[in-house]
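K.L.:
only the shape, not the letters, is given here:
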């Protein structure tokens, strides 16, 4: 991939001299695919970008939103550290464009990198990197013009996220269903038999006793 990119960029020298650094490739694969929060990733990120480092795996979903996604920011800082130059600028000079050399203001991006911890240090040693890597918004002119039906500029849409709810009902086992059915049929038959005998003996069960003829009042 590195050789292909070099050739596409106009390189003419021998491609055999372009080789990948296994340690760097391993670190990038581990950061992007396994755990984004590690000592190497924190050391190459600027102090302002430390908040994007999460505990979970990196999210690669690309939306139509204007928010900067995590992989893009990581790629910017990786390229800045690989192609940029460490400077002696202070943190204030690195962050404030008015205090940097005038010839570098429009040519380079300056990042205040957190850096590695020294051998006997308890805190990382930050430094300023002058990088030729810039970020540009990939926004179609149709969005800036709000011409959603444009046939001249590209437009895209994003799926509408809507909450989906579901209810789960537990289904009894086949054996329990049969037992419940037979019990219900048995209760029904017992009720019918009981009602039949009560109805047949209703004249005996519900007749009030006759009053004695010699009763006096």
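P.N.:
Right, received. Where do you want to start? Bear in mind that the values here come from a model prediction, so they are computed numbers and not experimental data. Numbers count the residues shown, from 1 in each chain.

K.L.:
got the contact list for the lowest-mean-pLDDT helix or strand in the chain?
P.N.:
Least confident element among the helices and strands of the chain, by mean pLDDT, DSSP states H and E: helix 202-205 (a mean of 78). Contacting residues not belonging to helix 202-205 are listed as residue 198 [C-beta atoms under 8 Å, 6 or more residues apart in numbering]. Quick note: C-beta positions are derived from backbone N, CA and C, even for glycine.

K.L.:
residues touching residue 53, list them.
P.N.:
Applying C-beta under 8 Å, 6+ apart as the definition, the contact partners of residue 53 turn out to be 36-37, 41-42, 45.

K.L.:
one more time with 10 Å
P.N.:
31, 35-38, 41-42, 45, 70, 73-74 (C-beta atoms under 10 Å, 6 or more residues apart in numbering).

K.L.:
which element is the closest residue to residue 79 other than its chain neighbours on?
P.N.:
The shortest distance from residue 79 to any non-neighbouring residue, by C-beta to C-beta, 6 or more residues apart in numbering, is to residue 133 (4.6 Å). Following DSSP states H and E, one finds residue 133 outside all helices and strands.

K.L.:
so where do the strands sit in this protein?
P.N.:
85-87, 109-113, 127-131 (DSSP state E).

K.L.:
who does the first one touch, helix- and strand-wise?
P.N.:
Using 3 or more C-beta pairs under 10 Å, 6 or more residues apart in numbering; DSSP states H and E as the contact criterion, the secondary-structure elements in contact with strand 85-87 are strand 127-131.

K.L.:
count the residues that sit near residue 61.
P.N.:
Neighbours of residue 61 under the rule other C-beta atoms under 10 Å: 6.

K.L.:
what's the average pLDDT for stretch 124-142?
P.N.:
On average, the pLDDT along stretch 124-142 is 86.

K.L.:
next one: stretch 104-121
P.N.:
Looking at stretch 104-121 alone, the average pLDDT works out to 81.

K.L.:
equivalent analysis for stretch 61-71, please.
P.N.:
Predicted confidence along stretch 61-71 averages 73 (mean pLDDT).

K.L.:
grab the most central residue of the protein for me.
P.N.:
For the chain, the residue lying nearest the average C-alpha position, counting by C-alpha atoms, centre = their mean, turns out to be residue 59 (5.4 Å).

K.L.:
tell me the contacts of that one?
P.N.:
Under the criterion of C-beta under 10 Å, 6+ apart, the contact partners of residue 59 comprise 36, 69-71.

K.L.:
and residue 138, by the same measure?
P.N.:
With contact set as C-beta under 10 Å, 6+ apart, residue 138 has these partners: 62, 72.

K.L.:
most neighbours, which of the contacts of residue 59?
P.N.:
Neighbour counts for those, by other C-beta under 10 Å, peak at residue 36, which reaches 21 neighbours.

K.L.:
residue 83 versus that one, what's the distance?
P.N.:
Taking C-beta to C-beta, to the nearest Å as the measure, residue 36 and residue 83 are separated by 21 Å.

K.L.:
and for residue 147?
P.N.:
With distances taken as C-beta to C-beta, residue 147 is found 37 Å from residue 83.

K.L.:
those two: which has the busier surroundings?
P.N.:
When neighbours are counted by other C-beta under 10 Å, residue 147 and residue 83 differ, and residue 147 comes out ahead with 14 against 11.
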